[in-house]
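J.: fold the following for me, if possible:
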Amino acid sequence: MSHIVTHLLHIYGRVQGVGFRNYVNQHANERSVTGWIRNREDGSVEVMLQGKHSDVGSVEAACRKGPPLAKVDHVDRYPVDPDVSYETFEVRD
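T.: Numbers count the residues shown, from 1 in each chain. Modelled structure (predicted):
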């Protein structure tokens, strides 16, 4: 059985109003990664990723790149103890 990891990302830069949430949603669904993404009041984006280590790593790499109109300046990554098991990937308001 594959090891499931859960990571929380805080992504800073020009990441709101550029299609970032839908971009990450597409990558997460392609890799069967679950969790959620939402905009934060400070202009950053927060992402919870859960899945196989390699799949979460692939989605994290997409987050570090961003869609064409985005400019990612910095990403903070925090490993999280998975106290919740996510069934899907959700774009939150």
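J.: list the beta-bridge partners for the residue nearest the centre of the chain.
T.: Taking CA atoms, centre = their mean, the centroid of the chain lies closest to residue 47, which sits 3.8 Å from it. Beta-bridge pairing of residue 47 under DSSP bridges involves residue 9, residue 37.
J.: tell me where the protein has helices.
T.: Using DSSP state H, the helices of the chain run over 20-30, 53-65.
J.: distance to residue 7 and mean pLDDT added to the ones you listed, as CSV?
T.: Just so you know, the C-beta spots here come from the backbone N, C-alpha and C atoms, and that holds for glycine as well. Listed next are these as CSV, based on distance: least, CB to CB, whole Å; pLDDT from 0 to 100:
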stretch, distance to residue 7, mean pLDDT
helix 20-30, 12, 98
helix 53-65, 6, 98
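J.: could you redo those as CSV and give each row mean neighbour count?
T.: Supplementary listing: these in CSV, determined by neighbours: other CB atoms under 10 Å:
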stretch, mean neighbour count
helix 20-30, 19
helix 53-65, 17
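J.: in CSV, list these along with distance to residue 80.
T.: Listed next are the helices of the chain as CSV, based on distance: least, CB to CB, whole Å:
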stretch, distance to residue 80
helix 20-30, 16
helix 53-65, 11
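J.: for residue 4, which of those is the nearest?
T.: Residue 4 lies closest, by CB to CB, to one member of those: helix 53-65, at 8.1 Å.
J.: then the closest one to PDB, C-alphas only?
T.: Extracted in PDB, the C-alpha atoms of helix 53-65 (Å, rounded to 0.1, in the frame of the first residue of the first chain):
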ATOM      1  CA  HIS A  53       3.800  11.100  -1.900                       C
ATOM      2  CA  SER A  54       4.700  11.300  -5.600                       C
ATOM      3  CA  ASP A  55       1.300  12.700  -6.600                       C
ATOM      4  CA  VAL A  56       1.300  15.300  -3.900                       C
ATOM      5  CA  GLY A  57       4.800  16.300  -5.000                       C
ATOM      6  CA  SER A  58       3.700  16.700  -8.600                       C
ATOM      7  CA  VAL A  59       0.800  19.000  -7.600                       C
ATOM      8  CA  GLU A  60       3.100  20.900  -5.300                       C
ATOM      9  CA  ALA A  61       5.500  21.400  -8.300                       C
ATOM     10  CA  ALA A  62       2.500  22.800 -10.300                       C
ATOM     11  CA  CYS A  63       1.700  25.100  -7.400                       C
ATOM     12  CA  ARG A  64       5.200  26.500  -7.400                       C
ATOM     13  CA  LYS A  65       4.900  27.200 -11.100                       C
END
